[in-house]
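Enquirer: Turn this into a structure:
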Amino acid sequence: MHADRNKAALPSSSRTQDEIALIVPTATELLGLRLRDADEFFTAGVREVQEGTEATDDLLTRQGFEKVFHALLNAYVARVYVCRAYYFYPMSHKALLEGLRIAGLHREASLYEEVMEIFHMRVYHQGETDLFELAEQYVTQVGIEIAAARDWVAEVS
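Expert: Prediction:
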């Protein structure tokens, strides 16, 4: 049992063809889940932003923007996961930014940093409701990024 745990930690280049054959479908399923989560977060987030804005419910609006941020996060995790030859799975915001940059996705890394700062840090965590209008300007772009991630993943998978 201990040997199995050590074997799972080996880099992909050390895996046998049989082990790789088991990993790849799992990777494809993981990508599908991340993209599905991106869609669900985006749909729920947009709805909450709209409902919160109409009801002047700042908490609901903040939660909506946080969901839109997580939609972008999930879409970009899928892109980075596929882009890296050894199936790099970022476990933090910093790791995702690093993965985007290593993959040559510099525009996406910049957008992610901006959305993280505005939606996640300032609007959601710090409650800066005066940034709602600015944040709304990014929502359409996040939707475009999710669609682009889906197309790109389909192309390279």
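
Enquirer: In the chain, where is pLDDT below threshold?
Expert: Within the chain, the stretches with pLDDT under 70 are 1-15, 17-26, 84-89, 157.

Enquirer: Just give me the longest helix of it.
Expert: helix 17-54 (DSSP state H).

Enquirer: list the helices and strands that one packs on?
Expert: The helices and strands touching helix 17-54, judged by 3 or more CB pairs under 8 Å, 6 or more residues apart in numbering; DSSP states H and E, are helix 58-83, helix 132-156. C-beta: built from backbone N, CA, C; applies to glycine.

Enquirer: Other residues contacting the last one?
Expert: Meaning helix 132-156. Residues from elsewhere that reach helix 132-156 (CB atoms under 8 Å, 6 or more residues apart in numbering): 31, 35, 38-39, 42, 46, 49, 53, 61, 65, 68-69, 71-72, 75-76, 78-79, 82-83, 108, 111, 114-115, 118-119, 123.

Enquirer: now do stretch 50-65
Expert: Residues contacting stretch 50-65 (CB under 8 Å, 6+ apart): 44-49, 119, 123-124, 127, 129, 132, 135.

Enquirer: what about that stretch, how long is it end to end?
Expert: With CA to CA, to the nearest Å as the measure, stretch 50-65 spans 10 Å from end to end.

Enquirer: mind listing what's buried in that stretch?
Expert: 52-53, 60-65 (16 or more other CB atoms under 10 Å).

Enquirer: What's the ChimeraX line that selects buried ones from the contacts of stretch 50-65?
Expert: To isolate the buried members of the contacts of stretch 50-65 in ChimeraX, using 16+ other CB under 10 Å:
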select :44,45,46,48,49,119,123,124,132,135
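
Enquirer: Can you lay out the contacts of stretch 50-65 as TSV showing distance to Ala154?
Expert: Below are these laid out as TSV (distance: CB to CB, whole Å):
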residue	distance to Ala154
Ala44	23
Gly45	23
Val46	23
Arg47	26
Glu48	28
Val49	28
Phe119	26
Val123	32
Tyr124	31
Gly127	38
Thr129	38
Phe132	34
Ala135	29
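
Enquirer: and which of the contacts of stretch 50-65 is nearest Lys94?
Expert: Phe119 (17.0 Å; CB to CB).
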